[in-house]
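Visitor: attaching a predicted model along with its sequence, questions to come.
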Amino acid sequence: MATPRTYDRSPWLLEPDISYLNHGSFGACPDPVMEAQRVWRERMEAEPVRFLARELERHLDEARMRVATFLNADAEGIAFVPNATTGVSTVLASLRFQPGDELLASDHEYNATLNAMRAAAERDGATLRIVRIPFPIHDPSEAVEAYVHAVTPRTRFALVSHVTSPTALVLPVAAIVRELDRRGVDTLVDGAHAPGMVEVDLGLLNAAYWTGNGHKWLCGPKGSGVLHVRADLRDRIRPLVISHGANDDRTDRARFRILFDWLGTADPTPYLALPAAIRYTGGIHDDGWNGLMTANAALARRARDILCSALGTTPPSPDSMLGSMASVPLPGIAPTRAAAQRLQAELFDEDRIEVPIIPFPVPAAADGGAPAQLLVRVSAQVYNRPDEYVALAASLARRVRASGPRSLLGRLRRG
Ligand SMILES: Cc1ncc(COP(=O)(O)O)c(C=O)c1O
């Protein structure tokens, strides 16, 4: 595998005329990783029965070991899942709460996972309490305090994102998990964005449950997610699909593996190619993963500063809470979902910029209400260049000016 340099887009299949500033949503898989996945696929299709029925467990075990080392996790607690959405739903579908129990999640969560929390609460007659984390935020401790203050004697379970989807904040998950654990609350950490963006140490974190994606910042193939369950809780968690494992009485493998490793015929190659993604993407920078994560975070900070100065705003969070994404409030535009969609479409259609405009809070956190603000969230991956954010900032500043009250007055005066 040849090693690309920073700003080198050639290993990615990204269209050359599009400024791709949304690595965060679905990642982007470079060709050498796709090539590793192609090799796995060809091995599978050369003899599908041998591969899937006789060899797959061994291949999954090897991939799991590599992923466990990367996450400093206990490989016995790792199950591959297609994505973090499935990881969250798997945990919630396995647990049962009592009527009157309280579940916590913040207003910075991802919309789909908040929906899953609400569905679990409704199923069991429990209550979902939304923890309000300020945004703008001045210090990570504000997030810890928000969770701690929401705990009551009835709180049983909490969801917390390591890196928040709408606001791109790196939350102090270790402190949150520790404080909740001291109060008897199990935490599910949604690490969808974490692997490859920030250091992940599941051994140190010691959360009850953790899920994350390989297809975002590790640049793995789409559908390469991971669920980790702490040893003391492992026999409680079942896959969403009931398969052969349910009545398999083998004793040569842990029950957790038997249950999760075969969920019906599917393509396992995204999981099998994860070691190649860890090796390849981590090899892009001379200083490996640490170098890459530090460089991406520096670029995200620079992007945020470029945007804030063009929009005349101040950074909404301290630098310590930024990873390789940054969200900046858009002043002067009515915070409606329609306006967000319109602006995002204009940026793509007219300026060829792929970037999300996010209404905050997301619908599941706004609870039927209107969003309070619109955010532009930029990603910084190794293939992005600073001048892309300069172009975005100029385009946004122009559009914000054009939609402002003065321009409306001008248009009215001009008749
Ligand atoms: C915090 C968070 N959780 C979960 C997800 C869902 O990821 P996936 O679509 O891979 O399940 C995302 C996606 O952006 C996210 O930002």
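Guide: Okay, I see it. Numbering: from 1, shown residues only.

Visitor: residues of the stretch 1-150 of the chain that sit close to the ligand?
Guide: Within the stretch 1-150 of the chain, the positions near the ligand by Cβ under 6 Å from any ligand atom are 25, 83, 84, 85, 110, 113. The C-beta positions use only the backbone N, C-alpha and C, and glycine is treated the same way.

Visitor: now, of those residues, which are buried?
Guide: Buried members of those, scored by 16 or more other Cβ atoms under 10 Å, are 83, 84, 85, 110, 113.

Visitor: the nearest residue to residue 194 once chain neighbours are set aside: neighbour count?
Guide: Nearest non-adjacent residue to residue 194, counting by Cβ to Cβ, 6 or more residues apart in numbering: residue 162, 4.2 Å away. Residue 162 sits with 26 neighbouring residues when counted by other Cβ atoms under 10 Å.

Visitor: contacts only, for residue 162.
Guide: Residues counted as contacts of residue 162 (Cβ atoms under 8 Å, 6 or more residues apart in numbering) are 170, 171, 173, 189, 190, 191, 192, 193, 194, 198, 200, 212.

Visitor: what about the ligand: which of those touch it?
Guide: By Cβ under 6 Å from any ligand atom, the members of the contacts of residue 162 lying near the ligand are 190, 192, 193.

Visitor: state the number of residues packed around the spatially closest residue to residue 142 that is not a sequence neighbour.
Guide: Excluding the flanking residues, the one nearest residue 142 by Cβ to Cβ, 6+ apart is residue 134, at 5.7 Å. Neighbours of residue 134 under the rule other Cβ under 10 Å: 14.

Visitor: which SSE is residue 134 in?
Guide: Here residue 134, judged by DSSP states H and E, is contained in no helix and no strand.

Visitor: that one against residue 140, yeah?
Guide: No - using Cβ atoms under 8 Å, residue 134 is not in contact with residue 140, being 11.5 Å away.

Visitor: make TSV out of the residues of the stretch 1-150 of the chain next to the ligand and add distance to residue 237, secondary structure and pLDDT.
Guide: Listed next are those as TSV, based on distance: Cβ to Cβ, whole Å; DSSP: H, G, I helix; E, B strand; the rest coil; pLDDT from 0 to 100:
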residue	distance to residue 237	secondary structure	pLDDT
25	27	helix	98
83	17	coil	98
84	15	helix	98
85	16	helix	98
110	20	coil	98
113	16	helix	98
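
Visitor: ok, so of the ones next to the ligand among the contacts of residue 162, who is nearest the ligand?
Guide: Of all these, residue 192 has the smallest distance to the ligand: 3.4 Å, by Cβ to the nearest ligand atom.

Visitor: quick check: closest non-adjacent residue to that closest one.
Guide: Excluding its sequence neighbours, the residue lying closest to residue 192 (Cβ to Cβ, 6+ apart) is residue 84, at 3.8 Å.

Visitor: next up, the contacts around residue 330.
Guide: 311, 343, 357, 373, 374, 375, 376, 396, 400 are the contacts of residue 330 under Cβ under 8 Å, 6+ apart.

Visitor: where's residue 326, which helix or strand?
Guide: strand 325-329.

Visitor: contact partners of that strand?
Guide: In contact with strand 325-329 (Cβ under 8 Å, 6+ apart) are residues 24, 136, 163, 166-169, 193, 197, 300-301, 303-304, 307-308, 311, 313, 315-316, 358, 360, 373-380.

Visitor: quick one, which of the residues you listed are buried?
Guide: Buried, going by 16+ other Cβ under 10 Å: 24, 163, 166-169, 193, 197, 300-301, 303-304, 307-308, 311, 315-316, 358, 360, 373-380, out of the contacts of strand 325-329.

Visitor: what are the ranges of the helices in the stretch 301-415 of the chain?
Guide: Secondary structure of the stretch 301-415 of the chain (DSSP state H, counting those that start in this stretch): helices located at 337-351, 363-366, 386-403, 405-414.

Visitor: in the second one, what's buried?
Guide: In other words, helix 363-366. 364, 365, 366.

Visitor: tell me the contacts of residue 378?
Guide: Applying Cβ under 8 Å, 6+ apart to residue 378 gives the contacts 21, 300, 303, 304, 307, 325, 326, 327, 328, 355, 389, 392.

Visitor: for it, give the beta-bridge partners.
Guide: Taking DSSP bridges as the rule, residue 378 bridges to residue 326.

Visitor: next one: stretch 205-220 to chain centre, how far?
Guide: Averaging C-alpha positions (Cα atoms, centre = their mean, to the nearest Å) puts stretch 205-220 8 Å from its chain's average.

Visitor: again, but for stretch 51-64
Guide: 26 Å.

Visitor: and it, average pLDDT?
Guide: Averaged across stretch 51-64, pLDDT comes to 98.

Visitor: state the distance from the nearest residue to residue 343 once chain neighbours are set aside to the ligand.
Guide: Nearest residue to residue 343, sequence neighbours excluded (Cβ to Cβ, 6+ apart): residue 357, at 4.8 Å. With distances taken as Cβ to the nearest ligand atom, to the nearest Å, residue 357 is found 15 Å from the ligand.

Visitor: mind checking pLDDT for residue 369?
Guide: Note on residue 369: pLDDT of 83.

Visitor: kindly report the same for residue 5.
Guide: Predicted confidence (pLDDT) for residue 5: 52.

Visitor: what's the answer for the one 3 residues further on, then?
Guide: Residue 8 carries a pLDDT value of 83.

Visitor: tell me how many other residues crowd it.
Guide: Using other Cβ under 10 Å, residue 8 is surrounded by 13 other residues.

Visitor: of the ones next to the ligand among the contacts of residue 162, closest to residue 271?
Guide: residue 192 (16.4 Å; Cβ to Cβ).

Visitor: what about that closest one, how many residues close to it?
Guide: Residues lying near residue 192 (other Cβ under 10 Å) number 28.

Visitor: so it touches residue 110, yeah?
Guide: Yes - counting by Cβ under 8 Å, residue 110 is a contact partner of residue 192 at 6.8 Å.

Visitor: which residues do those two both contact?
Guide: 84, 161, 165.

Visitor: do a quick rundown of the helices in the stretch 1-150 of the chain.
Guide: 23-26, 31-46, 48-49, 56-71, 84-94, 111-124, 141-150.

Visitor: any idea which of those helices is most buried?
Guide: helix 84-94 (a mean of 22; mean count of other Cβ atoms under 10 Å).

Visitor: still on that earlier bit, would you list the buried residues of helix 363-366 in JSON lines and tack on distance to residue 12 and pLDDT?
Guide: Formatted as JSON lines, these follow (distance: Cβ to Cβ, whole Å; pLDDT from 0 to 100):
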{"residue": "364", "distance to residue 12": "32", "pLDDT": "90"}
{"residue": "365", "distance to residue 12": "33", "pLDDT": "91"}
{"residue": "366", "distance to residue 12": "35", "pLDDT": "83"}
